[in-house]
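**Q** sequence-free structure coming up:
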């Protein structure tokens, strides 16, 4: 598998960027977010509009996008992990072949510092994260303001 890493210094071309966004939107399915949120996350990872940065990984099998990851920097090292893995998805045609694990290991190696992620309890990817050493130290709670 070929893995491309994109960041502020090496951004994806507009067509590839759109392909990755659409891929994540489609492949995340019930665990995903609106396409605009994914695109905003990509802007953050690429340090656009004054955002801190991070990186995007795109994994290709025979020139076909098989998996994608977005990691954003938190700028809070020391008391909050320095990075948050926001999105990871593997194409349904490639699941169960170790690609998700390979992409996770690459993301952990590429990240400078600790990495946090959020996962729903029933998400099957939770087992992969636990095998890679992720632990559940806290119960996350959120307050959402009415708009």
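**A** That came through fine. Please read all numbers here as calculations on a predicted model, not as lab measurements.

**Q** the strands in this protein, which residues?
**A** 2-6, 54-61, 64-73, 83-90, 115-117 (DSSP state E).

**Q** Could you spell out the sheet neighbours of the longest one, each with its direction?
**A** On the basis of DSSP bridges, the sheet neighbours of strand 64-73 come out as strand 54-61 (antiparallel), strand 83-90 (antiparallel).

**Q** would JSON lines of the strands of the chain with distance to residue 99 and mean pLDDT be doable?
**A** In this view, the C-beta of every residue, glycine as well, is placed from N, C-alpha and C. Shown next, in JSON lines, are these (distance: least, Cβ to Cβ, whole Å; pLDDT from 0 to 100):
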{"stretch": "strand 2-6", "distance to residue 99": "10", "mean pLDDT": "98"}
{"stretch": "strand 54-61", "distance to residue 99": "6", "mean pLDDT": "98"}
{"stretch": "strand 64-73", "distance to residue 99": "5", "mean pLDDT": "98"}
{"stretch": "strand 83-90", "distance to residue 99": "5", "mean pLDDT": "94"}
{"stretch": "strand 115-117", "distance to residue 99": "17", "mean pLDDT": "89"}
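
**Q** quick one, which of those is nearest to residue 125?
**A** Minimum separation from residue 125 across the strands of the chain (Cβ to Cβ) falls at strand 83-90, 7.3 Å.

**Q** how close does the nearest residue to residue 87 once chain neighbours are set aside get to residue 33?
**A** Computed as Cβ to Cβ, 6 or more residues apart in numbering, the closest residue to residue 87 that is not its neighbour in sequence is residue 70, at 4.5 Å. Residue 70 sits 11 Å away from residue 33, going by Cβ to Cβ, to the nearest Å.
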